[in-house]
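Q: Coordinates only, no sequence provided:
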């Protein structure tokens, strides 16, 4: 629908109301002061729970009924089973059978395996999704077909929204590779091991009702208690919560594209020559092929110099596990495991530690891990001349990705985006990002196969690599080069209707996504 | 002061207001339904905290000033440093120097080392203590010398009161044997190791401001994070937080009194003959000489039978650690460590796990550990003909002990009180307990050196030991025997003034303590 908007501090028009709830326009980085108190769920009493601690009920349907599932409720799930999740869709299949309408689905992320929920959006079971939407789900939203307005949040923003009561979860349905009958649960063990399930912690603490779904029920006590049974109402045992080979990719691999390898090498070289890479460094990279290649190059440099990393924050991969077992990293703090080696490592290496999103990413907290990190390697679908970043839409205007931890990670000391100059002959550096996800003041360096652009705000970094022989350019020069090769891309055409809002880490609205003109 | 009272469900007159706040009379076990929501502290923001995560300030005085210490505030501390605590008194010494008045001290327990706070009660710095008071502090209260009314809560009741907002902590001052500059903290390491600091978790989560005081600052990240830095405002480094030899007793020893050994032997025999002791049993005992003797006897029986315990809940002792390392116990779930062997074990045995009071004891939760326990061995200062128990006052009417986890533990399946028939020629079994701490319906068996009394409500237990040769008596018979030897003790004489209230696990008032008539 078309609504009245105001211009926020980033110059983007945003609405003052989303889905009937008041919304606060972005005020600039660090400028919004929250008032009020954390959200608090109702006080439970042990007298409502079995003395023997056994909360197992016969089926997910029974658990949902006992939780009082009804129209308009907010249902949360976590994404640790990634593309192998067999439970989320089932919740809405059951809700549809029970003729429940207008639910809000609040996942910590969605994957292609969740595309079937489109039929529950179509039949009115689900009003909207507040969470990441990729591929067909994103396209569905961009085409204006979802009844409610989507709300996109970072991983940390999701926890902030739960904690602050912006989103009130009525029922959390939390899959657990291992659990006991009291509801204590963890991400290791069984046939659906995913490593850690820390994204579910906020849901368990703040939801009105909590259901744990497992295919590996063990004797009390289940340790480590990533989900604590004191927050859990019901436990459901099913045959399978996930498809193992889709939960973790099995192997994560470094890129073998020559261009991407060049970017990775230039990134490692930049880190070394600028002096950012040093003994004791803390670094976070993703699980994409370029990031992994960077990790391998960095590992090599550090080994040669006899340097050690204090800790790495995961998204863990086998490359981090190697550094840990090599003695070149003291700790892996882990919010999610990307491959089988990482899943195994969590169980076996005392220095590989489950680490909740509360500690890593929640901006409405007494400090975050990310602002303590030295090096943050991130991607983007678009970057603009002001170093602003986009990670949710493509240049054709379609919503195609979630934010993940991207916005949260921007708070690191040195934020570096190794990106190709163009993808499928479409330039990545543009005049102005289609959707603003992260303000340019937080993005320090763009590294492409044809040169490195350092944000003018970081004169210290520009100084540090003077005379280093690195191919330094302005971001304008990089953009011109790309356009010389690919031509200037056409801007997407939108209708007035806002189909999604993008929140900043503090809960304010930094931008919106509009319906694609058909 | 003398106030209007009503008769609660246990037949005790209790006030409807304590320290100017409304109070709910005890309604019977499991009968009080909490309404409302959990308490929630103000929403913080990372923009108020240092990006590098370093929250160290120069002194405790500076931290208190930065926290805005002022008249009438509630200051909490934990008791894991036991009689070796060097920090709690210091807080009030500083407050007194700063001319702050009418503070509420809310410790998780107090020890003889805290007796000096009497001078801060005298000079008006402290209005009242809400927590356990032993020896001189208890006597001070019983003599009506404390300005406010004391409130006594169990360990679980304290967490319930914090969670429910009955007690709003303004500043939590939490000592930590090891911490990092972000405020992550744990109970092991350094020269003041106490094993675990789980009693501080609720304080850290719900207090307005949180100060961590340590004498062992380590590099980030400090693991396991018993206190999470995301809840911490300031970190203070001092020379010494505690006196090591007073933090843990060094050794815990079984009794060598022939009478106590007889009681212990009879208890073990009762557990065996009644069939309560079995393979997979879960049991909790204390660290007193009789309890330890029972643990040793039970260990022997189980070893002979080839039985294993699933887990023990601690207050851990070397006797539990022996069962763990022997392979006769799968897990120790630990809320506090009583001796050096336990402290060491937490660091070295993966099956020895820090376990917070939230999970063990908080009745306003979705289940508790205690109701899952098979055998609970507890003490009492008095038991009456209705099996009611008293743990806070002696028969002379003086407040001399805290409740500890005693009330919470009453929810176990089989609650057994091995107690001497008399102490210092004063009978322990009385017509009516001086102070009601636990309703008789939850106390199953009294074992004395002269016989065993089973609560008539537990006909199943009475049946189970028929013909076993155990010296079964009624509780009346036991009382008569004691009185034949010691004579009937004189009842204490009280004035009208209520000096302390005793809360039940659900926050209702089960009894009060009145001023001793001088």
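A: Sure thing, it's come through. What you see is a predicted model; the values in this text were computed from it and never measured. Numbering: from 1, shown residues only, chains lettered A, B, ... in the order given.
Q: so what's the most centrally placed residue in chain A up against?
A: Within chain A, one residue has its C-alpha closest to the average C-alpha position: by C-alpha atoms, centre = their mean, that is residue A:404, at 1.7 Å. When contacts are counted by C-beta atoms under 8 Å, 6 or more residues apart in numbering or on different chains, residue A:404 touches A:109, A:132, A:154, A:155, A:391. Just so you know, the C-beta spots here come from the backbone N, C-alpha and C atoms, and that holds for glycine as well.
Q: Could you pick out which of those residues are located in helices?
A: Judged by DSSP state H, the subset of these located in helices is residue A:155.
Q: possible to save the contacts of residue A:404 as TSV with neighbour count, distance to chain B and pLDDT?
A: As requested, those are exported to TSV (neighbours: other C-beta atoms under 10 Å in any protein chain shown; distance: C-beta to the nearest C-beta, whole Å; pLDDT from 0 to 100):
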residue	neighbour count	distance to chain B	pLDDT
A:109	22	22	95
A:132	27	23	90
A:154	30	13	98
A:155	29	15	97
A:391	24	21	97
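Q: Tell me the one among the contacts of residue A:404 nearest to residue B:384.
A: For these, the minimum distance to residue B:384 (C-beta to C-beta) is 56.6 Å, reached by residue A:155.
Q: Hmm, the closest one is touching residue A:108, no?
A: Yes - the pair residue A:155 and residue A:108 qualifies as a contact (C-beta atoms under 8 Å) at a distance of 6.7 Å.
Q: shared neighbours, those two?
A: Shared between the contact lists of residue A:155 and residue A:108 (criterion: C-beta under 8 Å, 6+ apart) are residues residue A:199.
Q: Can you pull the residues of the stretch 1-150 of chain A lying near chain B?
A: With the criterion set to C-beta under 8 Å from any C-beta of the partner chain, the stretch 1-150 of chain A comes near chain B through A:30-53, A:55.
Q: Derive a PyMOL selection command for the buried subset of these.
A: Command for PyMOL, covering only those of the residues of the stretch 1-150 of chain A next to chain B found buried under the criterion 16 or more other C-beta atoms under 10 Å in any protein chain shown:
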select buried, chain A and resi 32+34+38+39+40+41+43+44+45+46+49+53+55
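Q: Relative to residue A:332, how far out is residue A:162?
A: In this structure, residue A:162 and residue A:332 are separated by 25 Å, where distance is defined by C-beta to C-beta, to the nearest Å.
Q: Could you check the pLDDT of the nearest residue to residue A:124 once chain neighbours are set aside?
A: Across the structure, with C-beta to C-beta, 6 or more residues apart in numbering or on different chains as the measure, the residue nearest residue A:124 apart from its sequence neighbours is residue A:101 (5.1 Å). If you check residue A:101, the pLDDT there is 98.
Q: what's the burial count for the residue nearest to residue A:174 when sequence neighbours are not counted?
A: In space, and not counting its chain neighbours, residue A:174 is closest to residue A:200: 4.5 Å by C-beta to C-beta, 6+ apart. Residue A:200 has 29 neighbours, counted by other C-beta atoms under 10 Å in any protein chain shown.
Q: Name the SS class of residue A:200, please.
A: helix (DSSP: H, G, I helix; E, B strand; the rest coil).
Q: roughly how far apart are it and chain B?
A: The span separating residue A:200 from chain B equals 15 Å under the rule C-beta to the nearest C-beta, to the nearest Å.
Q: For the stretch 151-300 of chain A, what lies in contact range of chain B?
A: Selection of the stretch 151-300 of chain A residues close to chain B by C-beta under 8 Å from any C-beta yields A:163-164, A:182-183, A:210, A:219-221, A:223, A:225, A:228-233.
Q: mind checking which helix or strand residue A:14 is in?
A: For residue A:14, the enclosing helix or strand under DSSP states H and E is strand A:13-15.
Q: Please identify the buried residues of that strand?
A: Within strand A:13-15, the residues that count as buried by 16+ other C-beta under 10 Å are A:14, A:15.
Q: so what's residue A:206 closest to, chain neighbours aside?
A: Leaving aside its chain neighbours, residue A:206 sits nearest to residue A:162 (4.9 Å; criterion: C-beta to C-beta, 6+ apart).
Q: pretty sure that neighbour is touching residue A:200, no?
A: No - shown here, residue A:162 and residue A:200 do not form a contact pair, counting by C-beta under 8 Å, at 11.0 Å.
Q: Point out the other helices and strands that whichever helix or strand residue A:128 is part of packs with.
A: Secondary structure assigned from DSSP H and E places residue A:128 in strand A:126-129. Where contact means 3 or more C-beta pairs under 8 Å, 6 or more residues apart in numbering or on different chains; DSSP states H and E, strand A:126-129 is packed against strand A:103-107, helix A:117-122, strand A:150-152.
Q: Quickly run through the sheet partners of the shortest one, with directions.
A: Yep, that's strand A:150-152 we're talking about. In the sheet, strand A:150-152 lines up against strand A:494-503 (parallel) (DSSP bridges).
Q: Name the residues that touch the partner strand?
A: Contacts of strand A:494-503 from elsewhere in the structure, counted by C-beta under 8 Å, 6+ apart, are A:1-3, A:14-15, A:18, A:23, A:141-142, A:144, A:146, A:149-154, A:157, A:161, A:392, A:397, A:399, A:403, A:435-437, A:509-517.
Q: of those residues, buried ones?
A: Once neighbours are counted (16+ other C-beta under 10 Å), the buried part of those comes down to A:14-15, A:18, A:23, A:141-142, A:144, A:146, A:149-154, A:157, A:161, A:392, A:397, A:399, A:403, A:435-437, A:509-516.
Q: Now, those that are in helices?
A: Using DSSP H, the subset of these located in helices is A:141, A:142, A:157, A:161.
Q: Residue A:54 and residue B:50: what is the separation?
A: Taking C-beta to C-beta as the criterion, residue A:54 is separated from residue B:50 by 46 Å.
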